[in-house]
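[1] predicted structure and sequence below. I'll ask about it afterward.
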Amino acid sequence: MHLPSIQICSLTESILDPICCTTLGPAMEAAVVLLLADSNFHIRERAMRAFVELVQHAGSHPTIALDKTTCVSISMLADSNNIIKHQAIQTLTTIIVYEDVRTSLTGIDLMDVFSPLFEDPDPELRKAGIKMFGVFATHNDLCTGLARGILDKAVQLLGDLNFDVQQSARQLFEILLEQSALSTVLCDPRMLEIINTMVDNDSWAVKQAAMTALPLFVKPNRSCVGISSSQIIPTIFALLDDEDIELSFAALECIVDLCQNDDLWKSCERCGLIPKIISMCQDSSPLKREAALEAIVGLMPHAEFRQLYSTSEIMLELLLMLDDAAQGVQLAALSVMGLLHYYNNLPPFLLNELMEKIFVMMAERPSPVKKGVVAAIIHFLVPNHDHFIPYISRITVQLMKVMAHSQQEIQLVAKEVLEFLMTHDPPPMITLDDVMTTVVATFRSEDPVNSDLLILLLEHGFLSDPLIAPALTEELLSMLADPDPNTKEKALNHFRFLMKHENFVVYFGSVHALEIITQSSWLLKDPDIHISVHRLLSALNNLKHCQSLLLATDIIDTMMTILSAKHLSLQFAQHTLESLRSLVANDDFCVQLATCTPQAIQSIITLVGHENPAIVQDAHGIIMTLARHPQCHSLLSSSQTVESLYSMLSDQEPVVRIGGLRNACIFAHREAICTIIATPKIIQKVLFTMSDANSDVIEESLQTIIALVQHKFIATSFTANGTFQKIMSMLRHFSPAVRIAALQVITAFAHQDDLRSLITPPAMKKFWMLLIDPHKSVRQAAGKCARICLSIDDMRRSLTTSSTIRLLITKINGRADDILVIDLVKHLIVDGI
């Protein structure tokens, strides 16, 4: 019988329904089992998916016969389709948790059933089978019967040609060895015979598998009965000389692992372990020499080994190996000597020889060796630091040199050791020459900011010597004068970093700092380096302990000179304005800027009309800041400013005209300097811009007028014939922003006694119509304007005609969401209009 795929899917959905599954469990199981026998593997595969779902609900659906499920799953392991085999393994792994399932397996020869899995050509299936066995092995009632068979298979699979399968087999082996049910098998001499046979096998993979398995038997908490008396250890010893170097290494690693067990250590020692390792240390192969030394590291925890190994001759041999041609051998020898000192303390003559060798290695060897040596030093120092007191100063100086010249990964290791040394009691004695040599090397390092060493020296007081400041100043100044931009940038970056630390400023002194800041400020004109100078100035300006230093320089004059240049580049303008704006936020700098000539400030006024928005923003911000300070008013209130404004308002570029209007608006908001734009020609120019073709210019023009009419002595300038009519005409402008600005102007007129009379009923009707403008923001502005006008007694009656009220009611009926209009009607009702 064939079921369409859709019916199988429906069957799967039914399985997922607990009620349906409880009611129809046996029937569904029968249907699925029937489909599993279908000749079409697609049908079998889908049926198997449904079967997996069925099994996963088995615990909550007791009507499903788990013993039958087990039989079906086992039979599907022989399916020709690998996907189905995987699903069968998944099913068995899922249901094995149930005791009745495990009981149903007791009468089956599982090794006979599962063996084909481990011979399958697909490594993924072999791996899945191993993992399933691992789950089986955790259940003692299964493990007892399977113990020998599983263990045999696990050992066999340790020699699998697929690496992932080998790893899975090793994990299975470890699981098996933890099971109490296998304890008798482990003591069985036949198990050792199997491994011994594997060691003698011609296959490299099988030999290595045996040596991988053997140490698992002899962990400290496991029995090693039979191993010490067997021929396995001599056999493995023989492999140490195998031509295959990988196999030789595996044998050596196996021996080291076996030696973790005291009884086996004695067996290995009797086999001549120490002479063998010593001979390997002198092998022509650098890899073997390194492997032998690493084996010594693994054996070092044995007190007996240390006694036998730690002879003067052997230690001198190790000392010679620090000069080995192979870097790995050098580092391995250093590790061994470190452990020897850790356990027994090296004799003074040897310790001295070792330290001299370490100094040479740190100074002259390639980076990997340097890193290894630096890392090893901390292991010498921490447990036995008293023995190293005579060497601490030299080690510190050498590590400082390493940090100044090495790669970042070595610097990080060196920093850790230096932190330990610099907090040592007594502290290391470092000469002024040592500090200067190191710091100068750091300054000129290829790293953009090699700051870790400087932090350590600073925090631990090594830069407090009064002679340091002049020497550092001389070095930094020479770097700033260097023709190479990279050298200048390094000096600026290091100085910026150091000045962040108040301690450094205290040690360094304001005189020296000022000299460097002054020299740096001259570099503002250098196109290659000016950005780094701006970063330095910004950092100093943000530090309270550095602001007074900046004030003592002529930095403001330098910036104004740059901004006044005839051909000012965009980059120069942008960075200089940004820095200047940051500086003038400090009142003291603002006052300093007030001492500039009126001509100098015109460059900033003009830049408010620049095409670059960032430049406009900074220039505008500077002018606003200056306008807030009375000390700067005389600087701004000059004839040059009037000429600059007039020129900007007359410019052909809209962006420049907008800049001129923004400047005028700033001045108009300040009573003390609004006289700048009170001249007829400026006011006429402002009024003229209301007729501009550019709507942005018109909007700025109206905003300027709003600011101007606040001053009574200027307001009369707007009573001339045609001025107010021009403003009223803006209420019909296509731009909503212009219509809003015009309404704001009318509102400003309503507040002025001299201008209020201009808002006649006919004029009022024009802005009443904006209460039904299609743009909500315009309607709201019109509502605000009307509300303010109606709040003035002498305007209210003349402006509230019946047509006005009808318009408001229409407005509310049409757009009831406008709260302002509703509020306006309430206001009229309250007033009895």
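    Thanks, I have it.
[2] give the contact list for the nearest residue to Ala88 once chain neighbours are set aside.
    With sequence-adjacent residues excluded and distances taken as C-beta to C-beta, 6 or more residues apart in numbering, Ala88 is closest to Met76, at 3.9 Å. Glycine gets a C-beta too; all of them are placed from N, C-alpha and C. Taking C-beta atoms under 8 Å, 6 or more residues apart in numbering, we find Met76 in contact with 36, 48, 84-85, 87-88, 91.
[3] in stretch 160-170, what counts as buried?
    160, 162, 165-166, 168-170 (16 or more other C-beta atoms under 10 Å).
[4] tell me which residues are up against that stretch.
    123, 126-127, 130-131, 154, 157-159, 205, 209, 212-213, 216.
[5] now it, how far from the centre of its chain.
    37 Å (C-alpha atoms, centre = their mean, to the nearest Å).
[6] show me where this structure dips below the pLDDT cut-off.
    1-33, 36-37, 51-69, 143-148, 177-192, 216-231, 382-385, 446-450, 720-721, 794-833 (pLDDT under 70).
[7] for His501, give me the backbone phi and psi.
    phi -90, psi 120 (degrees, to the nearest 10).
[8] next: Gly461.
    Backbone torsions for Gly461, taken as degrees, to the nearest 10, come to phi 80, psi 10.
[9] residues near it, how many?
    12 (other C-beta atoms under 10 Å).
[10] go on, the one 4 residues further on?
    The local packing of Asp465 (other C-beta under 10 Å) involves 15 other residues.
[11] quick check: closest non-adjacent residue to it.
    Asp465 sits nearest to Leu432 (C-beta to C-beta, 6+ apart), 5.7 Å away.
[12] what's the neighbour count on that neighbour?
    13.
[13] same question, the one 4 residues further on
    Under the neighbour criterion other C-beta under 10 Å, Met436 is assigned a count of 17.
[14] need the buried ones from the contacts of Met76 selected in ChimeraX.
    The ChimeraX selection below is limited to those of the contacts of Met76 classed as buried (16+ other C-beta under 10 Å):
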select :36,48,84,85,87,88,91
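[15] re the thing from before, quickly check the buried residues of stretch 160-170 for the two that are furthest apart.
    Asn162 and Arg170 (12.6 Å; C-beta to C-beta).
[16] if we can go back for a sec, out of the contacts of stretch 160-170, the closest to Glu409 would be?
    Thr212 (32.8 Å).
[17] quick revisit: TSV for the buried residues of stretch 160-170, including distance to Ile455?
    Conversion of the buried residues of stretch 160-170 to TSV gives the following (distance: C-beta to C-beta, whole Å):
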residue	distance to Ile455
Asp160	54
Asn162	51
Val165	52
Gln166	49
Ser168	49
Ala169	52
Arg170	47
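[18] which members of those residues are positioned in helices?
    Among those, DSSP state H puts 165-166, 168-170 in helices.
[19] which among these gets closest to Cys789?
    Relative to Cys789, the closest of those is Ser168; by C-beta to C-beta it sits at 87.8 Å.
[20] any idea how far that closest one is from Ile175?
    Here the criterion is C-beta to C-beta, to the nearest Å. By it, Ser168 lies 11 Å from Ile175.
[21] which ones are touching Glu502?
    Contacts of Glu502 by C-beta under 8 Å, 6+ apart are His545.
[22] hang on, I meant Val435
    457, 462-463, 465, 468.
[23] buried subset of these?
    Looks like the contacts of Val435 have 457, 462-463, 468 buried, using 16+ other C-beta under 10 Å.
[24] nearest to Ser285, of those residues?
    Nearest member of these to Ser285, counting by C-beta to C-beta, is Leu457, at 44.7 Å.
[25] just checking, that closest one touches Met436?
    No: with contact defined as C-beta atoms under 8 Å, Leu457 does not reach Met436; the gap is 10.7 Å.
[26] which residues touch the closest residue to Phe734 other than its chain neighbours?
    Closest residue to Phe734 in three dimensions, ignoring its sequence neighbours and counting by C-beta to C-beta, 6+ apart: Ser695, at 7.5 Å. Ser695 is in contact with 733-735, 737-738, counting by C-beta under 8 Å, 6+ apart.
[27] over to Ser406?
    367, 370-371, 414 are the contacts of Ser406 under C-beta under 8 Å, 6+ apart.
[28] show me where the stretch 151-300 of the chain has helices.
    With DSSP state H, counting those that start in this stretch, the ranges of helices along the stretch 151-300 of the chain come out as 163-177, 183-186, 189-199, 204-217, 232-239, 245-258, 262-270, 273-281, 286-299.
[29] mind listing what's buried along the helix or strand following the last one?
    In other words, helix 286-299. Later in the chain than helix 286-299, the nearest helix or strand by DSSP states H and E is helix 303-309. By neighbour count on 16+ other C-beta under 10 Å, the buried set for helix 303-309 is 305-306, 309.
[30] dump the residues you listed to CSV, plus distance to Ala513.
    As requested, the buried residues of helix 303-309 are exported to CSV (distance: C-beta to C-beta, whole Å):
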residue, distance to Ala513
Phe305, 60
Arg306, 57
Tyr309, 59
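[31] show me which of the contacts of stretch 160-170 are buried.
    123, 126-127, 130, 154, 157-159, 205, 209, 212-213, 216.
[32] now, among these, which is nearest to Phe713?
    Nearest to Phe713 among the buried ones among the contacts of stretch 160-170, with distances taken as C-beta to C-beta, is Lys127, at 94.4 Å.
[33] what helix or strand is the closest one on?
    Per DSSP H and E: helix 123-137 holds Lys127.
[34] neighbours of Thr595, how many?
    Here the number of neighbours of Thr595 (other C-beta under 10 Å) works out to 12.
[35] tell me the SS of it?
    Of the three states, Thr595 takes coil according to DSSP: H, G, I helix; E, B strand; the rest coil.
[36] how far away is Thr549 from Ala238?
    Quick fix: residue 549 reads Leu, not Thr. 77 Å.
[37] ditto for Leu293
    The gap separating Leu293 from Ala238 is 22 Å, by C-beta to C-beta.
[38] next: Asp109.
    Computed as C-beta to C-beta, the Asp109 to Ala238 distance reads 39 Å.
[39] which one of the two has more residues nearby?
    Ranked by neighbour count (other C-beta under 10 Å), Asp109 and Ala238 place Ala238 first, with 14 against 10.
[40] got the phi/psi numbers for the residue nearest to Thr675 when sequence neighbours are not counted?
    Closest residue to Thr675 apart from its sequence neighbours, by C-beta to C-beta, 6+ apart: Ser637 at 6.5 Å. Ser637 adopts backbone torsions of phi -90, psi 50, taken as degrees, to the nearest 10.
[41] so Ser637 touches Ile676, yeah?
    Yes: if you go by C-beta under 8 Å, Ser637 and Ile676 touch, sitting 5.5 Å apart.
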